[in-house]
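**Student:** The amino acid sequence is not available; the structure is as follows:
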């Protein structure tokens, strides 16, 4: 069998074990649970199993495609963890821990974003990828190493670009429209 099949079989075994544990908890108090409650409990456990499988699969796919061109795990890892955090307390705690430790980084990104002009972003993107192409063309660094590293670095550029756009958009909403000379409301306000 191929190693992907082993991973999928392992995930299914974990899901079945979780389902059995859920059923064992139900069997401890069979008199207390009515059929409607059993149905709701089974539905909740099935939802948790699907979220566990989906979140774990997304994280594993991110790990597997990390050496390929593209951001890979940099995007899929947090996405899978966020999906797991919707149902599991340990994942939610991990997400909150990451958020508390990344406040300094977020502050630095906001500093850079406030000083960056919106028109400069496409120029930065073009220069970044031109540098990557030059590195590939004129250095002996292998492609399998350059692409994942460059995509990871570009993820930072995209985050700063997104924050720059969001700050620009927030500023454009806050600034009031300049009244025209013949505007009656402008005369009344003055």
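**Tutor:** Good, I have the coordinates. This is a predicted model, so every value here is computed, not measured. Numbers count the residues shown, from 1 in each chain.

**Student:** How much space separates residue 42 from residue 87?
**Tutor:** Taking Cβ to Cβ, to the nearest Å as the measure, residue 42 falls 15 Å from residue 87. Heads up, the C-betas are built off the backbone N, CA and C, glycines and all.

**Student:** Where does the prediction get shaky in this protein?
**Tutor:** Using pLDDT under 70 as the threshold, the predicted model of the chain has low-confidence ranges 1, 3-5, 15-16, 18-39, 41, 70, 175-190.

**Student:** For it, give the helix that spans the most residues.
**Tutor:** Taking DSSP state H as the assignment, the helix of the chain that covers the most residues is helix 143-174.

**Student:** which of the residues in it are buried?
**Tutor:** Buried residues in helix 143-174, defined by neighbour count with 16 or more other Cβ atoms under 10 Å: 146, 147, 148, 150, 151, 152, 154, 160, 161, 163, 164, 168.

**Student:** I'd say the second one and residue 68 touch.
**Tutor:** Yes: proximity of residue 147 to residue 68 meets the contact threshold set by Cβ atoms under 8 Å, at 7.3 Å.

**Student:** how about the helices in the chain?
**Tutor:** Ranges of helices within the chain are 3-28, 35-64, 73-85, 89-101, 103-115, 120-138, 143-174, 184-189, based on DSSP H.

**Student:** so of the ones you listed, which one's packed in deepest?
**Tutor:** Mean neighbours per residue, mean count of other Cβ atoms under 10 Å, is largest over these for helix 73-85, with a mean of 18.

**Student:** relative orientation of that one and helix 35-64 in degrees?
**Tutor:** The directions of helix 73-85 and helix 35-64 differ by 170 degrees, with axes from the mean of the first three to the mean of the last three Cα atoms, to 10 degrees as the criterion.

**Student:** Give me the distance between residue 158 and residue 49.
**Tutor:** The spacing between residue 158 and residue 49, counted by Cβ to Cβ, is 33 Å.

**Student:** Same check on residue 125?
**Tutor:** The spacing between residue 125 and residue 49, counted by Cβ to Cβ, is 41 Å.

**Student:** One more: residue 167?
**Tutor:** From residue 167 to residue 49 the distance is 41 Å (Cβ to Cβ).

**Student:** Ok, residue 11 next?
**Tutor:** When Cβ to Cβ is the yardstick, residue 11 and residue 49 sit 10 Å from each other.
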